[in-house]
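J.: Structural data only, the sequence is not supplied:
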């Protein structure tokens with residue numbers, strides 16, 4: 001499976017979002033946008049109007065990560081606005097199947113997010129409703145946190161569950177991903193990597209993306225799970 005890098009603008013300069021998006025457009029696959037509401041997580045970032053404005057200027061597809069209460073109500077609007085991927089959290093959604101299907105119906109890939117302390121097993125029956133599973137590798141709410149290795153066994157289990165379904169569901173990791181941790185994530189089963197500080201706190205964001213991709217691709221080449229791929233799912 002192809003490695004994908006999704007730089008997080010949570011670590012970018014909010015006053016220069018269009019420029020920050022352009023800085024990585026030649027080397028990244030997605031632009032990751034963290035939507036936080038100061039209720040589901042203890043932070044307030046940006047919402048639909050900023051995403052709509054960013055969509056007019058960003059060449060990369062937008063990867064919206066909704067860390068909000070009531071995603072069942074709000075998530076479809078991000079897909080309708082033109083986001084390429086919209087992720088809701090299992091802990092917040094009351095009607096996850098309906099919401100994931102609504103995201104897909106609006107033309108975006110549907111993602112299911114899971115916090116570090118949440119087991120994936122209760123949501124195994126939902127996996128086939130998603131195009132991507134996002135495993136948080138920090139507690140959600142703030143950028144710049146240290147990577148939580150305790151998530152790696154869950155990532156391996158998620159990869160095994162996805163393989164058992166025979167579906168090309170992407171596995172994304174978000175939080176503390178840098179040159180030192182990305183190989184461990186790739187080895188455990190991740191194929192989509194969100195990186196904020198490692199990209200936007202570097203002197204050259206585009207080159208930082210290239211370095212992260214190289215590390216992840218090297219680890220993926222040697223990972224046991226990567227020898228068992230499935231056909232890509234349209235999205």
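T.: Received, thanks. Remember, predicted model here, so these are calculated numbers, not experimental data. Numbers count the residues shown, from 1 in each chain.

J.: Report the contact partners of the residue nearest the centre of the chain.
T.: The residue lying closest to the centre of the chain (Cα atoms, centre = their mean) is residue 172, at 4.9 Å. If a contact means Cβ atoms under 8 Å, 6 or more residues apart in numbering, then residue 172 has 6, 87, 111, 132-135, 190-194 as its contacts. Yep, even glycine has a C-beta here, placed from its N, CA and C like the rest.

J.: Any chance of these in TSV with pLDDT as columns?
T.: Converted to TSV, these look like this (pLDDT from 0 to 100):
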residue	pLDDT
6	98
87	98
111	98
132	97
133	98
134	98
135	98
190	97
191	96
192	98
193	98
194	97
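
J.: quick check, nearest of those residues to residue 149?
T.: Nearest to residue 149 among those is residue 135, at 12.4 Å by Cβ to Cβ.

J.: Would you list the phi and psi of residue 127?
T.: Main-chain dihedrals, residue 127, degrees, to the nearest 10: phi -60, psi -40.

J.: Tell me the residue in this protein that is farthest from the middle.
T.: Largest separation from the mean C-alpha position in the chain: residue 203, at 23.4 Å (Cα atoms, centre = their mean).

J.: So which of the contacts of residue 172 wins on neighbours?
T.: Across the contacts of residue 172, neighbour numbers were computed from other Cβ atoms under 10 Å; residue 190 holds the maximum, 34 neighbours.

J.: mind checking how far residue 128 is from residue 63?
T.: Applying Cβ to Cβ, to the nearest Å, the value for residue 128 to residue 63 is 21 Å.

J.: Out of these two, name the residue with the larger neighbour count.
T.: More crowded of residue 128 and residue 63, by other Cβ under 10 Å: residue 63, with 30 against 14.

J.: What are the phi and psi values at that one?
T.: The phi/psi pair for residue 63 (degrees, to the nearest 10) reads phi -110, psi 90.
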